[in-house]
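K.L.:
The sequence isn't on hand, but the structure is:
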């Protein structure tokens, strides 16, 4: 008998799959952090481009531009890597949950069919 039949209420996906839900929740947090890193990267690119309008000595301008560009590439790469990894992990968790759900239903049916009928006690007739 399923959870739905026992309690007469539908069990939400979140309650039925707490592991996958926690992975998806963590993914949303990583998406937020990755977005911040991407915006920071864009800001650093803008800073690097703006430095050309300041009248600094050539070596200082070059150093500042290289530093800002390097930081922009680093922030962008870290943000993109975290985003891709989190999305991959959440997809894997959902697929694993679906696979477990299908296996659990199949195993549950097999268990229900394999339950032996009550054997009468030896002394009773």
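P.N.:
Looks like it arrived, so ask away. Source: prediction; values computed, not measured.

K.L.:
so where do the strands sit in the chain?
P.N.:
Taking DSSP state E as the criterion, the chain contains no strands.

K.L.:
By mean pLDDT, point me to the weakest helix or strand of this structure.
P.N.:
helix 3-7 (a mean of 55; mean pLDDT, DSSP states H and E).

K.L.:
show me the contacts for the nearest residue to residue 19 once chain neighbours are set aside.
P.N.:
Nearest residue to residue 19, sequence neighbours excluded (CB to CB, 6 or more residues apart in numbering): residue 93, at 6.6 Å. Yep, even glycine has a C-beta here, placed from its N, CA and C like the rest. Residue 93 makes contacts with 19, 20, 23, 24, as judged by CB atoms under 8 Å, 6 or more residues apart in numbering.

K.L.:
Report how many residues lie close to residue 89.
P.N.:
For residue 89, the neighbour count with other CB atoms under 10 Å is 15.

K.L.:
Next one: it relative to residue 22, how far apart?
P.N.:
Per CB to CB, to the nearest Å, residue 89 is found 11 Å from residue 22.

K.L.:
likewise residue 96?
P.N.:
For residue 96 relative to residue 22 (CB to CB), the value is 13 Å.

K.L.:
So what touches stretch 35-42?
P.N.:
Contacting residues not belonging to stretch 35-42 are listed as 72, 73, 75, 76, 78, 79, 80, 82 [CB under 8 Å, 6+ apart].

K.L.:
need the helices for the chain, in chain order.
P.N.:
3-7, 13-16, 18-50, 58-114 (DSSP state H).
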